[in-house]
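Visitor: below are the sequence and a predicted model for it; my questions follow.
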Amino acid sequence: NVLQMNATHSNYTDPNNLKFEEIKILGLSQEIIAVSVSQNNAVQNYPVNITYDPVKKVTVIRGLQLELGKSYTISWTLNVNININERFDCHPNPDATKEKCEQLGCSWEETPNQGAPFCYYNSSNPYSIENLNYSSTGITATLSLDSAKVRANEGPMAPISTLRVEVIYHLNNMLQFKISDYQSPRYEVPVPLNLPSSPTSSSQDRLYEVVLQTKPFGIQIRRRSTGTVIWDSSLPTFTFSDMFIQISTRLASQYIYGFGEVEHPSFRHNMSWHTWGMFTRDQPPGYKMNSYGYQPFYMALEEDGNAHGVLLLNSNAMDVTFQPTPSLTYRTTGGILDFYMVLGPTPELVVQEYTELVGRPVMPAYWSLGFQLCRYGYANDSEIAQLVEEMKAAQIPYDVQYSDIDYMVRQIDFTLSPSFAGLPALINKIKAEGMRFIIILDPAISANETNYPPFTRGVENDVFMKRPDTNEILFSKVLSRKDYLNPCAVDAQFGFSLYAAYAAFPDFFRNSTVEWWKKEILEVYNNPNSSQSLKFDGLWIDMNEPAAFVNGAVDGCRNDLLNNPPYMPHLGSRSAGLSYKTPCMEAQQYLADGTPVRHYDVHNLYGWSQTKPTLEALQSITKERGIVITRSTYPSSGRWSGHWLGDNTAAWDQLHKSVVGMLEFSLFGISYTGADICGFFQDTEYEMCLRWMQLGAFYPFSRNHNGKGTRRQDPAAWDDRFKDASRRVLNIRYTLLPYLYTLLHDAHAHGSTVVRPLLHEFVEDRRTWDIDEQFLWGPALLISPVMKPNETSVEAYFPDARWYDYYTVSHTGFRGELRNLSAPLEHINLHIRGGYILPWQLPANTTVYSRKNAMGLTVALDDSLFAQGHLYWDDGVRIDAYEDGVYLLTSFTANQTILDITVVHDNYTDPNNLTFTDISILGVPSNVQQVTVSQNGGTVPPLPTFSYDSNKKLLTITDLQLQLGQNYTLQWS
């Protein structure tokens, strides 16, 4: 802590009276709080200015007056009391005491700062680099362990001393860094990623630079263009043991988004000492309650607006802690550390690069963009039939009807209840009228039946999870009931735990299970008794965390270490262990290649492993694209399914939280998402449900769904005012389905987001970084819903662009400002962004009929009188239409006074001979005297009908007959 400055030869005096006025010290791990300057043992008294950058570990001392040619001693004092924000928790288990803390060699100091640790590290991590090798494609190193610095040395918590570090420069915008045990192979996540066979990056084009710190060990990643440090793990927390792995990193800013699935109160994370657990569980949305999915991915904004994303490919129980340093700490209970970073540099590019890595979102069938209805608690098929008729009578757009587990015999998969004997005929009837039907399936299979072929065949094909090293199926209890049980007695989970049938869990990793699952689903569709065949169009897979109504197994778990590991992440019901509401962690599963794995390691992959086989079954049976909706997800689940946000509650706060959830799943690469409109639990109320219908009309997955014992909440159940408002907003949705379908194609083909945060389009505007009560459809449609009771206006932010009111098509004049907008009960505010062209189609009560209607374009000119857009179109049901090239892609470009309609890919002809009949051009600055249409250089007669509204600056062109799939040029003057 001393700098000695000695003039060893002084025989020249500079005439400029030069002085050393600034000293920069690199590599200081602690802040300097005082500086002393002395000359010949005499202290120099003058003020100095000290600044410290904890990320770069740089101190700058300014204001010095050290004359050239003289000798000085400069000494400084370090802050021995670590800044609270620099504390890293040394005892993250809940029972920390001073004694336990000091036994770990850590410091204890209580603080009033809520969430800040009392027990914190006071020394560096015990690892250092032993062998380091740089190459053109990456870095490799081995780590040595300083046993004198080891803080825990017992069994599964003892640090592993044989660690290897690999950094691979896969792409110019993506790298991998991995820490594993080179001596004893450990479980690694069996989820395939799209990685190049060999790195393709080049040193001059990489967006990143990587440096490994030798002692203490750390990985530092900088953005090459700015020098910003976006990852720095040279922190005291790094620990790698069998059942506890921990690593921290400094972050480039306080702006972090992602991680799930947990109900977060805001899109941007609160960095003030919050810990969030990840472990898939049958847990309805709730604050800090780990829920259905497992998504260890985050996106970060840097202070200059650049963005990057980080995936930790790990599937063990985990938590992450945010602290205001800013920094992030991962703690996981097994596996390895396998990180993937994408460098953007824009938020939208981060998602595109991430989905290039994990897989692009699934392309849903066109009909699945229609409005959908479901509830748990339909008494019989007649009740569903009556609902369908009431919706038709109300003329409310509506494409898809569901049946929850009510259609089954005692909630047993692959069965049909006598109360729903008419369901097969009803499905056939509504499909003939242009609708579609989706049924639910749960993974757990009833094992108490005297004659239940699915279980018998499952046993024969060895598809069920078992206890380790035995042939004993691990039995639990879920939803299926014993045949003598009164269903009225078992609505509660407690009743199920007492009286439900034994259930076995299929192991979907196994090839035999996949084939068994497909055959059982096929028998539902083509039952040997044709009168019981359910001709479904989509499948809804629920309870696949997997959920159970007893903890572990009916006769208990037998490995306490796995079910109650030494470190229990911050999960809901933390004290109950990992087997709470799910199977025992020691259950044995087998990967497709026969490798045995513990449920402890692959629990969070259960829903993921079920999803792909379910889509394959659906498509092979129906011969159409269809859609699968899954409750439990993992990175890459979006390749095969959509996701709903689970069993929410009819409460006002759930509207906003549903937007946050959709924005997060946009980051995760799952585009087809939405919440249960009007809420699942509890009775909804009129105003809430109507506002939710308006918001839900802009969920990509738009379904009204509620639970057993609650009031009806479908639109037809309310008064005429409610029906009218629902019809109006759903007609808007159906009008815009060509635009929405195109966005979903863009997500499927290029990985872009559908529901889009404002910051993705306006990252240069820091005010958008916190906005999560508004969202965009793609780049062009701004949605500003009312999500609070008794409100008839809404605060909406308009970034710096030209915005047009969707309804009046008038230029608002709002830009870069927050505005209070009128929002009466029947109204949701929508605005079109200048610079974009939206394709649309006249609505109908189902998409079968809307797809036959006339189409049109809304051209919203920007300040430069420019706009662009495109339309993706196929038959809406063909499997792999895009991959097979059987589609039509048309681009639209408007510039000044010309609109070009250009076919980019033409390999599909719609049988309905669709035409663009109406085009609205918003923002035309002056009166229009003539409009002409030309094709291949020749004018297309007759001259179109048009009108110009000078107040709105609106040019409306009607009576066109521009055939879809042909090139045209429109010009106005």
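Guide: Thanks, I have the structure now.
Visitor: for the rest of this, base every contact and every neighbour count on C-alpha atoms.
Guide: Will do.
Visitor: return the distance of Gln589 relative to Leu357.
Guide: The gap separating Gln589 from Leu357 is 26 Å, by Cα to Cα, to the nearest Å.
Visitor: compare those two (neighbour count), which wins?
Guide: Per other Cα atoms under 10 Å, whichever of Gln589 and Leu357 has more neighbours is Gln589, with 27 against 20.
Visitor: check contacts around the more buried one.
Guide: By Cα atoms under 8 Å, 6 or more residues apart in numbering, Gln589 lies in contact with 465-466, 507, 509, 596-599.
Visitor: dump the residue contacts of Ser632.
Guide: Contacts here follow Cα under 8 Å, 6+ apart; on that basis Ser632 touches 280, 292-294, 542-545, 606-608, 643.
Visitor: and with 10 Å instead?
Guide: Residues counted as contacts of Ser632 (Cα atoms under 10 Å, 6 or more residues apart in numbering) are 261, 280-282, 291-294, 541-546, 604-611, 643-646.
Visitor: ok, Gly370 next?
Guide: 397-400, 435-436, 697, 700-703, 730, 733-734, 737, 845-848.
Visitor: which pLDDT value goes with it?
Guide: Note on Gly370: pLDDT of 98.
Visitor: then Ala500?
Guide: The model's pLDDT for Ala500 equals 86.
Visitor: show me what it is bridged to.
Guide: Beta-bridge pairing of Ala500 under DSSP bridges involves Arg481.
Visitor: how much space separates it from Gln372?
Guide: Distance from Ala500 to Gln372, by Cα to Cα: 31 Å.
Visitor: ranges for the helices of the stretch 301-450 of the chain?
Guide: 347-358, 381-394, 423-432 (DSSP state H, counting those that start in this stretch).
Visitor: now swap in the stretch 801-950 of the chain and tell me
Guide: Under DSSP H, counting those that start in this stretch, the stretch 801-950 of the chain gives helices at 847-850.
Visitor: could you pull out the strands in it for me?
Guide: Here the stretch 801-950 of the chain has its strands, by DSSP state E, counting those that start in this stretch, at 803-805, 817-822, 829-833, 836-841, 855-860, 866-873, 888-895, 898-906, 915-922, 931-935, 938-939, 945-949.
Visitor: how about the stretch 251-400 of the chain?
Guide: Secondary structure of the stretch 251-400 of the chain (DSSP E, counting those that start in this stretch): strands at 256-260, 274-278, 295-301, 307-312, 318-323, 327-332, 337-342, 372-375, 400-403.
Visitor: how about the stretch 51-200 of the chain?
Guide: 58-67, 72-78, 107-108, 119-120, 127-135, 138-145, 163-171, 174-181.
Visitor: the fifth one to strand 163-171, inter-axis angle?
Guide: Using axes from the mean of the first three to the mean of the last three Cα atoms, to 10 degrees, the interaxial angle of strand 127-135 with respect to strand 163-171 works out to 40 degrees.
Visitor: run through who's touching strand 127-135.
Guide: Strand 127-135 is contacted from outside by 139-147, 149-150, 159, 161, 163-169, 211-218, 234, 236, 238-240, using Cα under 10 Å, 6+ apart.
Visitor: strand partners of it, parallel vs antiparallel please.
Guide: Sheet pairing of strand 127-135 (DSSP bridges) gives strand 138-145 (antiparallel).
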